[in-house]
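> Just a sequence and a predicted model for now, questions to come.
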Amino acid sequence: MAVVRVAVLALVLLPVAACSGDDASGPAEEPSPSTSEPAPAPRQSPQVLTEADSDATIALPTGGETSLRLSSDWVWSEPVVDGDAVQLATVNYLQDPGFSEWVVTAVAPGEATITSSGTAACAGQDGCAVGPQDFHVTITVEQ
C-alpha cells in the first residue's frame, strides 16, 4: 500500500515540479504593437439599421438587403444615397409602427453613404432641449 501512495504522490508532484522550474529563456516577449493600425473592417449588416448605427460602416453582399428604421422620436428628412452601390425603397405602413422604414438593397459592388437629419419630435414644446441629430452610415457592397 505504501508503494501505491508513493507512486500517486510522485504523479501528483511531478507536474508541479515541472511548472515551478526556472526557464532559462526568460519571460516570453510580447509582440510590439504596430505603429499603423489597419482600418477596421466593415461589420456585417444587421437585419435592421437604426440611428444607433450612425457613423458605422456596414458590409452587404451584392443582392443583399437590410432595413433602415429611423425612430418617430425624430422628424427625419428623406434619406439620401450618395453612390450607386445601394438603392432605398420606402416601406409604407397602414398603422404607424413608431418608425419610418426603408429597404436597403445592395445592387452593385462599391460603396454608398446614406444620410438623413432629424429634429426632435418634441421641438417647440416646453422642456424639449434636444437639438438636431444627423444619421450617416456607409455601406460597402461586396461581390
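Thanks, I have it.

> quick one: average confidence on the helix or strand encompassing residue 89?
Assessed by DSSP states H and E, residue 89 sits inside strand 86-91. The average pLDDT for strand 86-91 rounds to 95.

> Which parts of the chain are strands?
43-44, 48-49, 57-61, 65-71, 74-76, 80-82, 86-91, 99-106, 110-120, 133-142 (DSSP state E).

> closest to residue 126 out of the ones you listed?
strand 110-120 (12.8 Å; CB to CB). C-beta coordinates here come from the backbone N, C-alpha and C atoms, glycine included.

> before we move on, the earlier item: and for the strand holding residue 89, what's in contact with it?
60, 67-68, 79, 81, 101-107, 112, 114, 139, 141 (CB atoms under 8 Å, 6 or more residues apart in numbering).

> count of residues packed around residue 58?
21 (other CB atoms under 10 Å).

> So it versus residue 92, what's the distance?
24 Å (CB to CB, to the nearest Å).

> follow-up on the earlier one: neighbouring strands - and their directions - for the strand holding residue 89?
strand 99-106 (antiparallel) (DSSP bridges).

> just to revisit the earlier point, hey, least reliable of the strands of the chain by pLDDT?
strand 43-44 (a mean of 60).

> What's opposite residue 67 in the beta bridge?
With DSSP bridges as the rule, residue 67 is bridged to residue 48, residue 103.

> er, residue 82 actually
residue 113.

> likewise residue 118?
residue 76, residue 133.

> Same question for stretch 104-124: list its buried residues.
Neighbour counts over stretch 104-124 (16 or more other CB atoms under 10 Å) mark 104, 105, 106, 107, 112, 114, 116, 118, 119, 120 as buried.

> residues in contact with the nearest residue to residue 56 once chain neighbours are set aside?
In space, and not counting its chain neighbours, residue 56 is closest to residue 137: 5.5 Å by CB to CB, 6 or more residues apart in numbering. Shown in contact with residue 137 (CB under 8 Å, 6+ apart): 49, 53, 54, 55, 56, 57, 58, 68, 113, 114.

> now the strands of the chain as JSON lines including distance to residue 127?
Putting those into JSON lines (distance: least, CB to CB, whole Å) gives the following:
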{"stretch": "strand 43-44", "distance to residue 127": "37"}
{"stretch": "strand 48-49", "distance to residue 127": "30"}
{"stretch": "strand 57-61", "distance to residue 127": "35"}
{"stretch": "strand 65-71", "distance to residue 127": "19"}
{"stretch": "strand 74-76", "distance to residue 127": "17"}
{"stretch": "strand 80-82", "distance to residue 127": "31"}
{"stretch": "strand 86-91", "distance to residue 127": "32"}
{"stretch": "strand 99-106", "distance to residue 127": "23"}
{"stretch": "strand 110-120", "distance to residue 127": "11"}
{"stretch": "strand 133-142", "distance to residue 127": "18"}
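
> That'll do, ta.
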